[in-house]
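> Got a sequence here, can you model it:
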Amino acid sequence: MSKKAKKGQNSTANQAGVADKLKDEGNKAFANENYQKAIELYSQAIEIEKNAIYYANRSFAYFELKKFRDSLEDANTAIELNKEYVKGYLRKASALRELGKITEALEAARTGYEVSGKNEVFEKLVEEIEKEYKEDNKFPADDPEMIKIRDLCDWLQTGGAIFDKLKIKYYEKNYRGVHSSQIIKANELILFIPKSHLITLEMARQTPVGKKMMAAGLSLLSPKHSYLSTFLLDEKFNGVSWWAPYIRMLPSDFDSMPIFFPEEDLKWLEGSPFLDQVTDKKADIRKDYDAILKVAPEFGRYSFWEFCWARMNACSRIFGINIDGVKTDAFVPLADMLNHRRPKQTAWSYSDEKKGFIIESLEDIERGGHVYDSYGKKCNSRFLLNYGFIVLENDGNEVALRVSYKNDDPCIKAKTTLLKENPQPRTFRVMAQVEEENTVEFLNFLRFVNIRDNQTILEVMSIYENSRQNDKDKEDGYKPQKTPPLSLEIEQRVLEDCKAICLEQLKCYPTTLEKDLELLKTNTLTTNQRNCVLLRSGEKEILHELIKFSEICLPLLDMSLKEIRKLTTQIPYNKYAEYINKAIITVVQRRENGTK
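Numbers count the residues shown, from 1 in each chain. So this is what the prediction gives:
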C-alpha cells in the first residue's frame, strides 16, 4: 500500500473516531434530557459520516422534543442507509404513531418485527398499535357518524383550526369524546378554533328574527340561550348552511335530559324536589318561545320541541368568552365535545392575539387518554337537568329544602317591619357540608324563623342597623339568611327544625336510601332510570347527613364550654368543628356569662 493511500485510510478512520465521539457526547446529553444539545452533537457527527445510528439517535431526540416530522425524516434516512438496522423501524413506527398515521405505523412496526428476528420489543409495539387501530376503527369509514366526524375536522382544518394533538372518538348515539392522539405535556396549546368558526351572541342578534327580538326589547328568562337557539334552528333547516358540518355533529336528540323524559321515567323521581326544577325548566322555555312568537310569528315554523332541542344545545354547549374586551357567549366547534372532569385538566379562553378560541393542557395527558373540560362544581340536579348525566361521588350535591314561618309566630309583625315585606317561605339548596354557604344560610334563616321574643328582635334590629353602610343599603330590608347565633334556646330549635325538615322530606320518597343503593347494584335499570335513582339517593344522603349533624350537635348545648372544646377535635364532632366554634360555643358562652 502506498503512503498516500495509507494516509487517506488513517484520515478516514480518524474522522470516524471523531464522529463516534460526537455521538457518545450526544448520548450523554440525551441521558441528561438536554435533547437540543444532543441534536446538535448528532448533527455534527452526521456531517462527518452519514451513519444510520446517528440518524436514528437524532430521530429519538427529535421525538422527545415532539418534533415528530423531523423524527420521521431521520428514521427514514436511517432505514435507507441500513435496512437491517432495527432501531430505524422503531423510530419510524413511533413517529408515525404520534403523527396519527396508525396504518403506516403498524406497517413499520411489523417490518421491524421481522427484521429484528421477532424481537419482543417490536412484538409488544405491534400489539399496542393493533389495539389502537381497532379502537379507532370500531366503525367502518362509511358509517354516517364517522363521515360527520371527518366532515367537521376537514371544515375546521380548512378554516385554520389547529388540533393535531386531538382526535374525536364516537362511542354510541349522541355520545362522543375527545382523546389525545399523541403524548401531551402540561401547558401545551392543544386546540385553536379561529373566530370565523365561532357562533357568537352578536351573530344571533343580527338574524331577521334576532333583529325583531332586539327591536321589541324582548324580556326573556334566558336571553343568550334564546337568541343562539334561533340562530341554530335557522341554520339547521337551511339546506346550504355554511355551518352544516358543525350542526350535523350536534346531538340529534336529548333523551337523557329530564325535560324530554317520558312519564314512565319521571316516575322514578317521585318525591324529589328536582321534579319542580324539571317542570320550571319546561315552563321557562315555553315562556321564551311564546314571547319570540309574539314579535316574530314566522318563528312558528319551528315547533316548541325543536326550540327545546336548540335551547338545550345552547344551555349545555356554549362558552362565555371575552372578544376584544366585549363579553359574549359562543358555540365553539370541537371544544364543546370535551366531556366533564374535576379537577380541571385543561383551561380555555379566547385569545385576542391569536384571534380565536384556545384550549391549553394543565397536566400531562397520555396518548389515547381522555381530554376533559371541567364544567365546574355543580349539583347532580344541574348536571342531569342541563347536560343529561350524573357525576358519581359528587361533593357538590344539593337538596332543595323549603322553610316556612311558624303559623303561631308571636313576632311576625316585628319581622315584617324588619324585612320590609311580608315574610315568605324560602327554598334553600342545602349541601351535606354544614360549612358550605348554602347550608350556613339555611341554618341562619332557621334562626330568624325561630325568634319568638321581642328582646331578640330588638337585638337583630340593632345588628341590622349597624350593618348598613350606605344609603342604598337603607332601602333594603333585613336579610334573614344572615342571622348570627343568638341564644341557646334558638339554636336548639334550629337543630330540631333542621332534623324535622329532613325527616319530612324523606317521607316524600316512595323508597328508602337503602332500597336505592340495592337497586343501583342491579343491571335492570335503563340509563335514565339509573340516573334518577342516583339523583334521589344523593338527595337522601344529604338529608341523612343533616339529621346526623343535628343529633350530634344537640347534646352539646347542655355541656360546658370546657367539655365542648375538648370534643371539637374528636370524631365525629371534628366534622362539624366550624359550626360548633361559631354557633354552639357562642351561645353556650353567652349562657355561662349570664346573658341570654
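
> just for the stretch 451-596 of the chain, where's the confidence low?
Within the stretch 451-596 of the chain, the segments meeting pLDDT under 70 span 469-475, 595-596.

> can you rerun that using 50?
Low-confidence segments of the stretch 451-596 of the chain (pLDDT under 50): 471.

> Which residue ranges of it form strands?
Counting by DSSP state E, counting those that start in this stretch, the stretch 451-596 of the chain has no strands at all.

> check contacts around the nearest residue to residue 70 once chain neighbours are set aside.
Leaving aside its chain neighbours, residue 70 sits nearest to residue 62 (4.2 Å; criterion: C-beta to C-beta, 6 or more residues apart in numbering). C-beta: built from backbone N, CA, C; applies to glycine. By C-beta atoms under 8 Å, 6 or more residues apart in numbering, the residues touching residue 62 are 35, 39, 68, 70-71, 74.

> again, but for residue 180
165-167, 190, 365-369, 371.

> ok, now residue 76?
Applying C-beta under 8 Å, 6+ apart, the residues near residue 76 are 88, 92.

> Over to residue 568?
574, 577, 580-581.

> ok, and the most crowded of the residues you listed?
Comparing the contacts of residue 568 by number of neighbours (other C-beta atoms under 10 Å), residue 580 comes first, having 22 neighbours.

> give the contact list for that residue.
By C-beta under 8 Å, 6+ apart, the neighbours of residue 580 are 553, 556, 564, 568, 573.

> what about the first one, how many neighbours?
To tie it back to what came earlier, the one meant is residue 553. That count, for residue 553 with other C-beta under 10 Å as the rule, works out to 22.

> Please point out which parts of whichever strand or helix holds the residue nearest to residue 70 sit buried.
Residue 62 is part of helix 52-64, with elements assigned from DSSP states H and E. By 16 or more other C-beta atoms under 10 Å, the buried positions in helix 52-64 come out as 52-63.

> picking that back up, can you go through the contacts of residue 180 and name the buried ones?
Among the contacts of residue 180, those classed as buried by 16+ other C-beta under 10 Å are 165-167, 190, 365, 368, 371.

> Which one of these is nearest to residue 461?
When the buried ones among the contacts of residue 180 are compared for distance to residue 461 (C-beta to C-beta), residue 371 comes out closest, at 55.7 Å.

> hmm, back to that, would TSV of the contacts of residue 62 with pLDDT be doable?
Conversion of the contacts of residue 62 to TSV gives the following (pLDDT from 0 to 100):
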residue	pLDDT
35	96
39	96
68	92
70	96
71	97
74	97
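
> which intervals of the chain have sub-threshold pLDDT?
Checking the chain against pLDDT under 50 turns up 3-10, 471.

> so who does residue 222 touch?
Contacts of residue 222 by C-beta under 8 Å, 6+ apart are 284-285, 288, 311, 315.

> next one: residue 327
The contact partners of residue 327, by C-beta under 8 Å, 6+ apart, come to 320-321.

> Show me what it bridges to in the sheet.
Beta bridges link residue 327 to residue 322, judged by DSSP bridges.

> So it versus residue 201, what's the distance?
Going from residue 327 to residue 201 by C-beta to C-beta, to the nearest Å gives 9 Å.

> now swap in residue 410 and tell me
52 Å.

> and what of residue 424?
Taken as C-beta to C-beta, the span from residue 424 to residue 201 is 34 Å.

> Those two - which one has more neighbours?
residue 201 (23 against 8).

> follow-up on the earlier one: I'd like the contacts of residue 62 as JSON lines, with distance to residue 453 appended.
Output for the contacts of residue 62, formatted as JSON lines (distance: C-beta to C-beta, whole Å):
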{"residue": "35", "distance to residue 453": "77"}
{"residue": "39", "distance to residue 453": "82"}
{"residue": "68", "distance to residue 453": "77"}
{"residue": "70", "distance to residue 453": "82"}
{"residue": "71", "distance to residue 453": "80"}
{"residue": "74", "distance to residue 453": "86"}
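
> Is it possible to get a markdown table of the residues you listed that adds secondary structure and distance to residue 490?
Output for the contacts of residue 62, formatted as a markdown table (DSSP: H, G, I helix; E, B strand; the rest coil; distance: C-beta to C-beta, whole Å):
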| residue | secondary structure | distance to residue 490 |
| --- | --- | --- |
| 35 | helix | 68 |
| 39 | helix | 74 |
| 68 | helix | 68 |
| 70 | helix | 73 |
| 71 | helix | 72 |
| 74 | helix | 78 |
